[in-house]
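> Fold the following for me, if possible:
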Amino acid sequence: MQTGLESMPRTKRYGVIVAAAILIGCSSVPLNTFVKDTDVAVKPGTILSAATGKPIGFDQLINELKGVRVVYIGESHTDRSHHRTQLDIIKALFEAANEISIGMEMFDFTYQPVLDRWSSGELEEAAFLEKVHWYANWRYPFSLYREILEFVRDNRIPLVGLNIPFHIPPKVRIGGLANLGDADARHLPSEIDTSDSAHRAYVEPVFKQHAFHSSANFDYFYEAQCLWEETMAESIASSMPSGIMVVLAGNGHIVHKFGIPQRAFRRTSLPYRTVYLASAGKDIELAFGDYIWVTPAPENAGRMGH
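Modelled structure (predicted):
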């Protein structure tokens with residue numbers, strides 16, 4: 001499937017630089033996004049189409065998204081503006097298409113019975129957090145996701161856990177897939193493709209940013225990354241409803257589409273689009289997604305635990 005960007009020559013894939021605010025005295029210059037090779041400056045709240053490199057309106061975005069089967073919306077996990085944007089898109093798609101489900105990286109698939117109870121309105125928040133072991137697994141403040149999950153519960157929207165049990169990827173990072181015990185190996189997806197050279201080249205600088213990289217095995221680290229993404233792709237494929245599935249995952253899992261999106265498409269052949277949420281102050285490219293939504297400078301919240 002071509003989504004517009006794939007058919008553009010690489011030299012035409014405009015880069016985007018999101019400029020940070022410049023404070024002058026007690027006032028500030030509004031954050032602008034500068035599109036390479038043009039003199040156009042756009043502000044946070046702007047949605048750029050990768051197919052054209054030009055801004056589009058929210059209504060046009062929703063009209064285009066409602067025509068596909070899977071919509072991936074990225075995030076920086078601690079950025080509150082990203083979660084508000086995700087909710088805006090979810091609400092609009094729910095109104096436009098009515099039949100939607102929400103797939104989330106934040107839950108592993110073994111918690112599906114609990115997620116079903118949440119979607120049916122059976123659980124209060126405190127019980128839900130205990131039963132999904134939120135602060136043992138995901139650990140980011142629940143307040144970041146509360147409004148999204150309340151909308152899911154209040155509207156009885158199916159909620160799908162996409163991830164592999166959280167204790168497994170660290171074992172793969174240290175010992176590789178081949179050394180997993182049977183109890184963990186039974187959770188592996190049917191296929192784990194580690195042959196994508198472009199994806200590997202993207203992951204390697206991430207690996208080098210970790211303090212442990214000098215004494216660690218990059219092949220194992222890359223296996224763990226692919227394990228995450230193949231598992232979520234398989235969860236999407238096995239849980240596809242008749243309507244639209246909205247997938248919420250970190251930007252790193254949807255960038256360039258070689259994380260989750262292409263792996264899910266390999267299994268389903270269903271049309272999809274990606275919405276990359278770009279915080280002001282970050283350097284980005286239109287090639288990151290089908291749409292780039294520029295959000296305000298990050299509003300961060302910490303992570304619990306270690």
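
> secondary structure class for Arg273?
Look at Arg273: counting by DSSP: H, G, I helix; E, B strand; the rest coil, its state is strand.

> Can you tell me, leaving aside adjacent residues, what's nearest to it?
Distances taken as Cβ to Cβ, 6 or more residues apart in numbering place Asp290 nearest to Arg273, at 4.5 Å, with adjacent residues excluded. Just so you know, the C-beta spots here come from the backbone N, C-alpha and C atoms, and that holds for glycine as well.

> just His210 next, same as before
Once flanking residues are discounted, His210 sits nearest to Ala216: 7.4 Å by Cβ to Cβ, 6+ apart.

> OK, contacts around that neighbour?
Contact analysis of Ala216 by Cβ atoms under 8 Å, 6 or more residues apart in numbering lists 173-174, 207, 210.

> circling back: quick check, the residue nearest to Arg273 in contact with Leu48.
No - using Cβ atoms under 8 Å, Asp290 is not in contact with Leu48, being 10.0 Å away.

> which residues of the chain fall in helices?
Remark: helices assigned in the chain by DSSP state H are 58-65, 80-97, 112-119, 125-131, 134-137, 146-154, 168-175, 182-185, 197-208, 218-239, 251-254, 261-268.

> middle-most residue in this structure, spatially?
Ala249 (2.4 Å; Cα atoms, centre = their mean).

> how about that one, what does it touch?
Shown in contact with Ala249 (Cβ under 8 Å, 6+ apart): 72, 74-75, 104-105, 162, 232, 259-260.

> So which of the residues you listed are in strands?
Counted as lying in strands by DSSP state E, out of those, are 72, 104-105, 162.

> Any idea how many residues pack against Ala286?
Quick fix: residue 286 reads Leu, not Ala. When neighbours are counted by other Cβ atoms under 10 Å, Leu286 registers 24.

> Do you know the pLDDT at the residue nearest to it when sequence neighbours are not counted?
Nearest in space to Leu286, with sequence neighbours left out and distances taken as Cβ to Cβ, 6+ apart, is Ala50 at 4.5 Å. Ala50 carries a pLDDT value of 91.

> Let me know whether Met245 touches Val70 as I believe.
Yes - between Met245 and Val70 there is a contact under Cβ under 8 Å: 5.2 Å.

> Now the common contact residues for those two.
Contacts common to Met245 and Val70, judged by Cβ under 8 Å, 6+ apart, are Ile236.

> Can you tell me which of the ones in strands among the contacts of Ala249 is nearest Asn63?
Tyr72 (17.5 Å; Cβ to Cβ).

> For that closest one, which residues are in contact?
Counting by Cβ under 8 Å, 6+ apart, Tyr72 touches 247, 249, 254, 260-261, 272-275, 289.

> on that earlier part again, any idea how far the residue nearest to Arg273 is from Pro55?
For Asp290, the distance to Pro55 equals 14 Å [Cβ to Cβ, to the nearest Å].

> if you count what's nearby, which of those two comes out ahead?
Asp290 (27 against 17).

> Got the confidence number for the more buried one?
Residue-level pLDDT assigned to Asp290 equals 97.

> circling back to that earlier point, ranking the helices of the chain by burial, who's on top?
helix 251-254 (a mean of 23; mean count of other Cβ atoms under 10 Å).

> Mind listing residues that contact that one?
Applying Cβ under 8 Å, 6+ apart, the set of residues contacting helix 251-254 is 72, 74-76, 105, 206, 228-229, 232, 247, 259-261, 274, 276-277, 288-289.

> now with 10 Å?
With Cβ atoms under 10 Å, 6 or more residues apart in numbering as the test, helix 251-254 has contacts from 72-77, 79, 82, 105, 162, 202-203, 206, 225, 228-229, 232-233, 247-248, 259-263, 272, 274-279, 282, 284, 288-290.

> Please apply the same query to stretch 117-127.
Counting by Cβ under 10 Å, 6+ apart, 101-102, 107, 111, 114-116, 128-132, 134, 142, 146, 149-150, 152-160 sit against stretch 117-127.
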